[in-house]
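Q: heads up, no residue letters with this:
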C-alpha cells in the first residue's frame, strides 16, 4: 500500500512543480518521476529488510540474499533509467518485464503470510493478492503509458511536435514569421 501512496504523492508533487516552472503540465514526465521515486523507496526496502525479503523467495532459489540485493540494485537502475531521456523507453520495457518476473515472489509471500518488515510469518495472507495483483498490473500500465506509449506513436507515424514559445516558434521547418505566413497561403 505504501508504494502506491508514494507513487501518487510523487506524481502530484512533481506535476505541481513542473506546472509552476514550465507553465504547462507534462504528465508523462511527472509519471516517470513518480515511478522513479517509488522505485527508490521500494529499493531501500531490499536493503533495510533484506532478511524478510529473503523469506519471500521459495526454497529452491539459491543465494537468496544476493537475489534480494540484486533486485534492489536493479530497482535503483530502473529509477535512473526512467529519468534519462534517451533511455526511458527501453527502461520501461525492462521494468515491465521485471515486475512480471517478481510477481511470483509476491504471490509466494502472500500465500505463506510473510511479513518482510518484521521477518515473520504473520502477514496478510492470500487475501492480500486481491490487492497486490491488480496493483502490479496498475504499475505495469503506469509504466507503459509513461514510457512506451508516449514515444511509440510519434516514432511509428513519423509525426513531429511543434514547439511554441513567445519569442520564437518553428512550424514544419519555417523559422520566421514571413516563411510561416507564406506557407499558410499555399
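A: Received the coordinates, thanks. Please read all numbers here as calculations on a predicted model, not as lab measurements. Numbering: from 1, shown residues only.

Q: Every contact and neighbour count from this point should use C-alpha atoms.
A: Noted.

Q: So which helix or strand of this structure has the lowest pLDDT on average?
A: helix 149-157 (a mean of 46; mean pLDDT, DSSP states H and E).

Q: Output the below-cut-off pLDDT ranges for the protein.
A: 150-186 (pLDDT under 70).

Q: Go ahead and list the helix or strand containing the most centrally placed residue in it.
A: Centroid-nearest residue in the chain: residue 35, 3.5 Å away (criterion: Cα atoms, centre = their mean). Taking DSSP states H and E as the criterion, residue 35 maps to helix 27-48.

Q: Kindly report the same for residue 142.
A: Per DSSP H and E: helix 129-143 holds residue 142.

Q: which helix is the longest one in the chain?
A: Ranked by number of residues, the top helix in the chain under DSSP state H is helix 88-111.

Q: any idea what sits nearest residue 82, other than its immediate chain neighbours?
A: Counting by Cα to Cα, 6 or more residues apart in numbering, residue 88 is the residue found nearest to residue 82 once chain neighbours are left out, at 4.4 Å.

Q: and that neighbour, how many neighbours?
A: Using other Cα atoms under 10 Å, residue 88 has 23 neighbouring residues.

Q: and if you look at residue 105?
A: Around residue 105 there are 16 residues (other Cα under 10 Å).

Q: Kindly report the same for residue 15.
A: Other residues close to residue 15 by other Cα under 10 Å number 21.

Q: roughly how far apart are it and residue 110?
A: 34 Å (Cα to Cα, to the nearest Å).

Q: hmm, back to that, which residue, other than its chain neighbours, is closest to the residue nearest to the centre of the chain?
A: residue 7 (5.9 Å).
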